[in-house]
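Student: I'll drop the sequence and a predicted model, then ask my questions.
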2 protein chains.
Amino acid sequence: MSKLVKKNYLLAPGPTPVPIDLLLEGARDTIHHRTPQFKKIMDEAIEGTKYVFQTTNDLFLLSSSGTGAMEMAVANLVSPGEKVIVVVGGKFGERWEKICKVYGAQVVPIKIEYGDYATPEMIDDALQANPDTVAVFTTLSETSTGTVMDIEGFSKVVKKHGKLIVVDAISGLIAQPLKTDEWNLDVVVAGSQKGFMLPPGLGFITFSEDAWKKVETTTTPRFYFDARAYKKNPAPYTPAVNLIYQLKKAVEMLKEEGMENVWERHRILADATRAAIKALGLEFFSKNPGNVLTAVRVPEGVDGLKLVSIMRDEYGVTIAGGQGDMKGKIFRVAHLGYMSKFDVIIAVSALEMVLRKLGYNIEYGSGVKAAEEIFEKEGV
Amino acid sequence: MSKLVKKNYLLAPGPTPVPIDLLLEGARDTIHHRTPQFKKIMDEAIEGTKYVFQTTNDLFLLSSSGTGAMEMAVANLVSPGEKVIVVVGGKFGERWEKICKVYGAQVVPIKIEYGDYATPEMIDDALQANPDTVAVFTTLSETSTGTVMDIEGFSKVVKKHGKLIVVDAISGLIAQPLKTDEWNLDVVVAGSQKGFMLPPGLGFITFSEDAWKKVETTTTPRFYFDARAYKKNPAPYTPAVNLIYQLKKAVEMLKEEGMENVWERHRILADATRAAIKALGLEFFSKNPGNVLTAVRVPEGVDGLKLVSIMRDEYGVTIAGGQGDMKGKIFRVAHLGYMSKFDVIIAVSALEMVLRKLGYNIEYGSGVKAAEEIFEKEGV
């Protein structure tokens, strides 16, 4: 490989590639955050982000990772001793569970096998068995398994029971359709380093009117993540000025494209990736794979850790391995954010070369062919 | 003014001007945070930041504002019902008080008038009267009044009583000497948008061995800011990759210059600013002004809010007004971070022109002259 230029390709489910124009937007002169000039930028960034969330609810920009936004949801909605239902089918469902427990909630988990998904019926059953539940915590796209869940279906059930629904849409938003208002989602959280095409450092959170009612009575101690402070002033503490420049521009780009088109382009990339994986004779890990990433079982006889590290260190292609118990057993290829059809081709081609290198017999070009056929069919 | 190019000068106590080289460093390609490549960058950024803090203690980088780092200090050190002493002489002392109260601490405030400072004797008295105190919360530079406090003196007293000392060094660090290890400071917090010359978005926090002992037994619920998670893995949640590129470079620059020189340059800028303010016949607000900023009383007959807004909107010079009760009564000129002697000259010259415009009679050039004399005396 050393005879050639090595370029780096970031094909992981966050951070995702940042377009050069957005990188440079972050290199603009830092201005003071308590000026009318910055207030205008921040207001526009918030309005644009609301469009991406498909909401007119209050939406706040946090200087934090997505996990900070998750903590904000829990700390503002759940008092110690209150009961919550948490859908747990991977690392990020487990994170909801952990945060809720840290804050003293009584957690009723809906445990599903890694790679599997929950159904609206399971939520209904859990709510019927636990009528004293205050909120249901869910995940749009479980990044650790690549599984997408039926948030719209969950919400209908949760609303039938008159409860609050909270959605971790950190990796799912933008790649996967999500309509905060139409689906009656009370709290939705996300982060900058996914479909937004931005570097990490910003968290996002929305609150519905029903959520606000609960925020007012929640007794959990909170300060940095106290939603009431952000309602009074969207920048209660110094905001991440340069990241907000970038956000404003990113949401302008997404609005110009239109969310329907944004979702559609993610679907096509996912379809092409999946066709290639199938053509290579590999097996999906998820029973309901979404548009964010494709999780694939490492075939027998192949060292999964080596596969990921050779892809990265020798080929410059960063995909993700498995997390926790799934380490070495799966790998995850993202098609999230600023990715073209050739990013899919690169991922598949690298996979073909590295699988062969690791002794797994595939025909060169067979995965790429399948992806190309999808692109042709879709007319892209 | 419209006949000329208007340049913008950021002379507020944070955010501060970011050198172009550091802005561009943030525009570098975003790489994945779970790679050996990024781990190396992050490790080097942390090592360099430890040098700036003058410590070998554990130091963590947070995706948060400085306030997030303050909350991390409180949530990890104070259990509900425990007693803390807080030095309160401005908005940021009040912030310690608020956070401690939110987390159920019993707060013993050492209240001093705005602009005044606490003495080690006051801390000693408070600790004698409250032997069950677990920690003393202090502020190196109270940004709202421009007052610097004798943290070294405070620490000697606190250590005599065998208690923990926590320092908000958010605006003070780098402008003002602070030696975490030599002064036995248990927890020190700071933020990126001050002397570090970076955009906002990163918080910093250090923990001494004594602090760790307390962290282990503290019962306050915490997740995003749980210090134990960062001890296990310095990046427990996706870190702000591009800001960390910038941090690595910024601390290299500071190390190359040497902290003694960095402190000295801040002192000279502060001295020159102060000489100019005096020459203009204006009055300092603080009884112990530090090197971060100079807070000045708005002279009688002058509209303080107008002064700040005309400076900014007509002259392009952003200084800070007063916060809370001090609104309209003081203005604050920073000499913090990436500032040259001509930034002082600009601040003083703009002040001369705007004061005259607002009907306050000063002699043009008289403030600038005084500043120039200091620069000559200092041989800079």
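Tutor: In hand now; what should we look at?
Student: what's near enough to touch the most centrally placed residue in chain A?
Tutor: Nearest to the mean C-alpha position of chain A, counting by CA atoms, centre = their mean, stands residue A:171 at 0.6 Å. By CB atoms under 8 Å, 6 or more residues apart in numbering or on different chains, the contact set of residue A:171 is A:13-14, A:140-141, A:143, A:194-195, A:292-293, A:336. Where C-beta positions appear, they are placed from N, C-alpha and C, glycine not excepted.
Student: how is it assigned, secondary-structure-wise?
Tutor: coil (DSSP: H, G, I helix; E, B strand; the rest coil).
Student: list the residues that contact the residue nearest to it when sequence neighbours are not counted.
Tutor: Distance criterion CB to CB, 6 or more residues apart in numbering or on different chains; nearest residue to residue A:171, sequence neighbours excluded, is residue A:143 at 4.3 Å. Residue A:143 makes contact with A:13-14, A:90-92, A:170-171, A:292-293, A:332 under the criterion CB under 8 Å, 6+ apart.
Student: of those, which belong to strands?
Tutor: A:293, A:332 (DSSP state E).
Student: now, which of the contacts of residue A:143 sits nearest chain B?
Tutor: Ranked by distance to chain B (CB to the nearest CB), the contacts of residue A:143 are led by residue A:14 at 6.6 Å.
Student: for residue A:165, list the residues it contacts.
Tutor: Applying CB under 8 Å, 6+ apart, we find residue A:165 in contact with A:135-136, A:138, A:151, A:154-155, A:158-159, A:184-187.
Student: residue A:306: neighbouring residues, count only.
Tutor: Using other CB atoms under 10 Å in any protein chain shown, residue A:306 has 14 neighbouring residues.
Student: what about it, which SS state?
Tutor: Applying three-state DSSP: residue A:306 is helix.
Student: close to chain B: what parts of the stretch 251-380 of chain A are there?
Tutor: Residues of the stretch 251-380 of chain A lying close to chain B (CB under 8 Å from any CB of the partner chain) are A:312, A:318, A:320.
Student: can you tell me which of the residues you listed is nearest residue B:263?
Tutor: residue A:318 (41.1 Å; CB to CB).
Student: need phi/psi at that closest one.
Tutor: Main-chain dihedrals, residue A:318, degrees, to the nearest 10: phi -90, psi 110.
Student: check what pLDDT the residue nearest to residue A:171 gets.
Tutor: On pLDDT, residue A:143 comes in at 97.
Student: chain A - how does it break down into domains?
Tutor: For chain A, the TED database gives the domain ranges A:9-16+A:259-378, A:31-257.
Student: between these, which gets nearest to residue B:27?
Tutor: Relative to residue B:27, the nearest member of the domains of chain A by CB to CB is domain A:31-257, separated by 9.6 Å.
Student: mind checking how far that closest one is from the chain centre?
Tutor: Distance of domain A:31-257 from the chain centroid (CA atoms, centre = their mean, to the nearest Å) equals 11 Å.
Student: so how far is chain B from residue A:167?
Tutor: Using CB to the nearest CB, to the nearest Å, one gets 18 Å for the distance from residue A:167 to chain B.
Student: the helix or strand where that residue lies pairs with which strands?
Tutor: Using DSSP states H and E, the element containing residue A:167 is strand A:164-168. In the sheet, strand A:164-168 lines up against strand A:133-139 (parallel), strand A:187-191 (parallel) (DSSP bridges).
Student: adding distance to residue B:365 and mean pLDDT, write those out as a markdown table.
Tutor: As requested, those are exported to a markdown table (distance: least, CB to CB, whole Å; pLDDT from 0 to 100):
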| stretch | distance to residue B:365 | mean pLDDT |
| --- | --- | --- |
| strand A:133-139 | 65 | 98 |
| strand A:187-191 | 52 | 98 |
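Student: now render those as JSON lines, adding mean neighbour count.
Tutor: Putting these into JSON lines (neighbours: other CB atoms under 10 Å in any protein chain shown) gives the following:
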{"stretch": "strand A:133-139", "mean neighbour count": "25"}
{"stretch": "strand A:187-191", "mean neighbour count": "29"}
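Student: which stretches of the stretch 1-150 of chain A form strands?
Tutor: Applying DSSP state E, counting those that start in this stretch to the stretch 1-150 of chain A gives strands spanning A:9-10, A:58-63, A:83-88, A:106-111, A:133-139, A:141-142, A:147-148.
Student: determine which stretch of these is the most buried.
Tutor: Highest mean neighbour count of the strands of the stretch 1-150 of chain A: strand A:141-142, a mean of 32 (counted as mean count of other CB atoms under 10 Å in any protein chain shown).
Student: residues in contact with the closest residue to residue A:329 other than its chain neighbours?
Tutor: Excluding the flanking residues, the one nearest residue A:329 by CB to CB, 6+ apart is residue A:322, at 5.3 Å. By CB under 8 Å, 6+ apart, residue A:322 lies in contact with A:144, A:295, A:304, A:328-332.
Student: which among the residues you listed end up buried?
Tutor: Among the contacts of residue A:322, the ones that count as buried by 16 or more other CB atoms under 10 Å in any protein chain shown are A:144, A:295, A:304, A:328, A:330-332.
Student: which residues touch the nearest residue to residue A:98 once chain neighbours are set aside?
Tutor: Counting by CB to CB, 6+ apart, residue A:98 lies nearest to residue B:223, which is 7.0 Å off, once chain neighbours are set aside. Residues near residue B:223 by CB under 8 Å, 6+ apart: A:67, A:71, A:74, A:98-99, A:102-103, B:229.
Student: of those, closest to residue A:163?
Tutor: Nearest member of the contacts of residue B:223 to residue A:163, counting by CB to CB, is residue A:74, at 15.1 Å.
Student: right, and the closest one touches residue A:100 too?
Tutor: Yes - counting by CB atoms under 8 Å, residue A:74 touches residue A:100, with 5.6 Å between them.
Student: common neighbours of the two, please.
Tutor: Counting by CB under 8 Å, 6+ apart, the shared contacts of residue A:74 and residue A:100 are residue A:137.
Student: returning to that earlier point: tell me the phi and psi of the residue nearest to the centre of chain A?
Tutor: Dihedral angles (degrees, to the nearest 10) for residue A:171: phi -90, psi -20.
Student: residue A:213: how many residues sit nearby?
Tutor: Around residue A:213 there are 12 residues (other CB under 10 Å).
Student: ok, now residue A:157?
Tutor: For residue A:157, the count of nearby residues is 22 (other CB under 10 Å).
Student: any idea which element it lies in?
Tutor: Assigned by DSSP H and E, residue A:157 falls in helix A:151-160.
Student: cool, residue A:276 as well?
Tutor: If you go by DSSP H and E, residue A:276 is part of helix A:259-279.
Student: that helix: which residues count as buried?
Tutor: A:259, A:262-277, A:279.
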